[in-house]
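[1] Everything below, folded, please.
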Amino acid sequence: MSDTLDTTADLVRQENVARILDCAERLFRHYGYGKTNVADIARELGMSTANIYRFFASKVEIHQAVCGRMLATCYQLTYDACHGPGTASEKLRRYVQTHYQWTRDTMLDQEKVHEMVVVAIERDWHVIEKHIDRIRGLVAEVISDGIATGEFADQDPEVASRCFSAAIITLCHPQMVAQCLAKKNRAMPDELIEFAIRALKK
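    Next up is the predicted model:
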């Protein structure tokens, strides 16, 4: 009986958390992160501000959770790209192209989302660092597979993953993508991707 009550309470809590995050993300996208406060979220949901604070200690905590959900989507896209068919080179190429397009579609085409992400990056939140580590782990697995098949030179996959990520940073970092997008004297995405892949080969 007690377990049933605990399970029900947990489901209700999860539903409330999801509602708050859905509402917060919608308001952040519409009004911007800076112009949305906890009272706005509470009003939109027909809740008291105190009730919001039962689930999140602050607006920053809500923001971190919203960013975490966005990054989870990015991770899933990367996972799918790295676990799809093809050689290691093809998987890395697909990963970078997918990530670049996601960054452009999600963060640059929607100005208010870009603001939200820039705030997260500038404050060096743990959700960003955790995301970077997870993505590098996936890339390291692909490189390791490429080494095993003889496609890539023998090397430390972890180090190679960090170097590969650094080489294509202008295609993944939202602020750099935004700065380089209209520049004609920068390497084009396909040029950069092929350059980084060639560096891994024998």
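[2] end to end, how far does stretch 169-176 reach?
    8 Å (CA to CA, to the nearest Å).
[3] okay, now Ile62: neighbour count?
    23 (other CB atoms under 10 Å). Backbone N, C-alpha and C define where each C-beta goes, glycine included.
[4] hmm, I was thinking of Asn37
    13.
[5] Not counting its neighbours along the chain, what's nearest it?
    The shortest distance from Asn37 to any non-neighbouring residue, by CB to CB, 6 or more residues apart in numbering, is to Lys59 (6.3 Å).
[6] Isn't the one you found up against Val38?
    Yes. Using CB atoms under 8 Å, Lys59 is in contact with Val38, at 5.2 Å.
[7] worst-scoring helix or strand of this structure, pLDDT-wise?
    helix 111-122 (a mean of 74; mean pLDDT, DSSP states H and E).
[8] buried stuff in that one?
    Lys112, Val113, His114, Glu115, Met116, Val117, Val119, Ala120 (16 or more other CB atoms under 10 Å).
[9] List of residues touching that helix?
    Outside of helix 111-122, the residues within contact range by CB atoms under 8 Å, 6 or more residues apart in numbering are 28-34, 63-64, 66-67, 70, 106-108, 127-128, 173-175, 178.
[10] Among those, name the buried ones.
    28-29, 33, 63-64, 66-67, 70, 106-108, 127-128, 173-174.
[11] and which of those residues is nearest to Gln97?
    Thr106 (14.7 Å; CB to CB).
[12] For that closest one, which residues are in contact?
    By CB under 8 Å, 6+ apart, the contact list for Thr106 reads Met70, Cys74, Val113.
[13] now these as TSV including distance to Ala167?
    What follows is the contacts of Thr106, written out as TSV (distance: CB to CB, whole Å):
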residue	distance to Ala167
Met70	24
Cys74	19
Val113	26
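[14] can you map out the strands along the protein?
    Per DSSP state E, the chain carries no strands over any range.
[15] Spell out for me which residue occupies the centre of it.
    Taking CA atoms, centre = their mean, the centroid of the chain lies closest to Leu71, which sits 2.7 Å from it.
[16] and that residue, how far is that from Gly150?
    34 Å (CB to CB, to the nearest Å).
[17] cool, Ile41 as well?
    54 Å.
[18] try Arg29
    From Arg29 to Gly150 the distance is 47 Å (CB to CB).
[19] by contact count, what packs against the longest helix along the chain?
    Counting by DSSP state H, the longest helix found in the chain is helix 2-31. Judged by 3 or more CB pairs under 8 Å, 6 or more residues apart in numbering; DSSP states H and E, the packing partners of helix 2-31 are helix 38-45, helix 49-55, helix 59-82, helix 111-122.
[20] starting at the chain centroid, how far to that helix?
    Taking CA atoms, centre = their mean, to the nearest Å, one finds helix 2-31 lying 21 Å from the centre of the chain it belongs to.
[21] If you count neighbours, what's buried in that helix?
    Buried positions in helix 2-31, judged by neighbour count with 16+ other CB under 10 Å: Asn16, Ile20, Leu21, Cys23, Ala24, Glu25, Leu27, Phe28, Arg29.
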